[in-house]
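S.K.: here are the coordinates; sequence isn't available:
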């Protein structure tokens, strides 16, 4: 499976937008880009996913570069509850075998 | 809908002992995957069960085994515990044939081996 590269940590102020980057230069044409997050003392939870086009849902937006070698998860207004580790994962249809990296630890300051 | 539940929440075992962890999948899900998450690391895939059989397996030794019951619940067994087995063990469920975004994770079982 293709690898992803994310910054170890990022900081944000409450109610400001947050852009979490992910590089995946070896992505294949059939790989979906998934984002999961893990709040303290909880299991990971799905945030958003996409293939080629930008995606929006109630939690976040996903911006995918035209060459698909990078993507950015956008939280439009960070809240204290958004403090978590965010994982960018490529999935080529593994039917459940998700390969997690270390993710980005997001801290949100009041 | 209770979501994915796991038991116990925490447990402490001694090196060399055996442990069994349990998972009940989200309602309507028939596939269960298990992950190990060491401190400061992302989860690592152990194996997946569907139709009471192991369908996929990650890079884990045979000391790690599992079972799935007719009601889709699952157990993870670890024999001959090592100190390095100390971790958070996560269970995830999904519908059969689901893509990655359809995984629902439980809160995990924190295993400490002394």
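M.R.: Noted; the coordinates are in hand. These figures come from a predicted structure and were not determined experimentally.
S.K.: Got the phi and psi for residue A:75?
M.R.: When quoted as degrees, to the nearest 10, the phi and psi of residue A:75 stand at phi -100, psi 120.
S.K.: can you check the one 5 residues further on too?
M.R.: In this entry, residue A:80 is assigned phi and psi values of phi -60, psi -30 (degrees, to the nearest 10).
S.K.: And for the closest residue to it other than its chain neighbours, the neighbour number?
M.R.: On the basis of Cβ to Cβ, 6 or more residues apart in numbering or on different chains, the spatially nearest residue to residue A:80 that is not a chain neighbour turns out to be residue A:108, at 5.3 Å. Yep, even glycine has a C-beta here, placed from its N, CA and C like the rest. Applying the criterion other Cβ atoms under 10 Å in any protein chain shown, we find 20 residues in the vicinity of residue A:108.
S.K.: what does residue A:51 give?
M.R.: Around residue A:51 sit 12 other residues, with neighbours defined as other Cβ under 10 Å.
S.K.: With residue B:75 instead?
M.R.: What residue B:75 shows, counting by other Cβ under 10 Å, is a neighbour count of 17.
S.K.: what's the helix or strand for it?
M.R.: Using DSSP states H and E, the element containing residue B:75 is strand B:74-78.
S.K.: So which elements touch that strand?
M.R.: The elements that strand B:74-78 packs onto, with contact taken as 3 or more Cβ pairs under 8 Å, 6 or more residues apart in numbering or on different chains; DSSP states H and E, are strand B:19-24, strand B:31-37, strand B:64-68, strand B:87-94.
S.K.: still on that earlier bit, relative to residue A:82, how far out is the residue nearest to residue A:80?
M.R.: Between residue A:108 and residue A:82 the distance is 6 Å, computed by Cβ to Cβ, to the nearest Å.
S.K.: Ok, residue B:38 next?
M.R.: When Cβ to Cβ is the yardstick, residue B:38 and residue A:82 sit 24 Å from each other.
S.K.: Between those two, which has more neighbouring residues?
M.R.: The neighbour count for residue B:38 versus residue A:82, taken as other Cβ under 10 Å, is higher for residue A:82 (19 against 13).
S.K.: Surely the more buried one is in contact with residue A:105?
M.R.: No - with contact defined as Cβ atoms under 8 Å, residue A:82 and residue A:105 do not form a contacting pair (11.8 Å).
S.K.: residue ranges with poor pLDDT in chain A?
M.R.: Counting by pLDDT under 70, chain A has low-confidence residues at A:1-2, A:94-96.
S.K.: residues from it in reach of chain B?
M.R.: Proximity of chain A to chain B is confined to A:32, A:34, A:41-46, A:49, A:85, A:87, A:89, A:91, A:93-103 under the rule Cβ under 8 Å from any Cβ of the partner chain.
S.K.: Filter those down to the buried ones, ChimeraX style.
M.R.: One line in ChimeraX is enough to select the buried members of the residues of chain A next to chain B, burial here meaning 16 or more other Cβ atoms under 10 Å in any protein chain shown:
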select /A:32,34,43,44,46,49,85,87,89,91,94,95,96,97,98,99,100,101,103
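S.K.: Which members of the residues of chain A next to chain B are positioned in helices?
M.R.: Using DSSP state H, no member of the residues of chain A next to chain B falls within helices.
S.K.: follow-up on the earlier one: list the residues that contact the residue nearest to residue A:80.
M.R.: Shown in contact with residue A:108 (Cβ atoms under 8 Å, 6 or more residues apart in numbering or on different chains): A:11-14, A:18, A:78-80, A:82-83.
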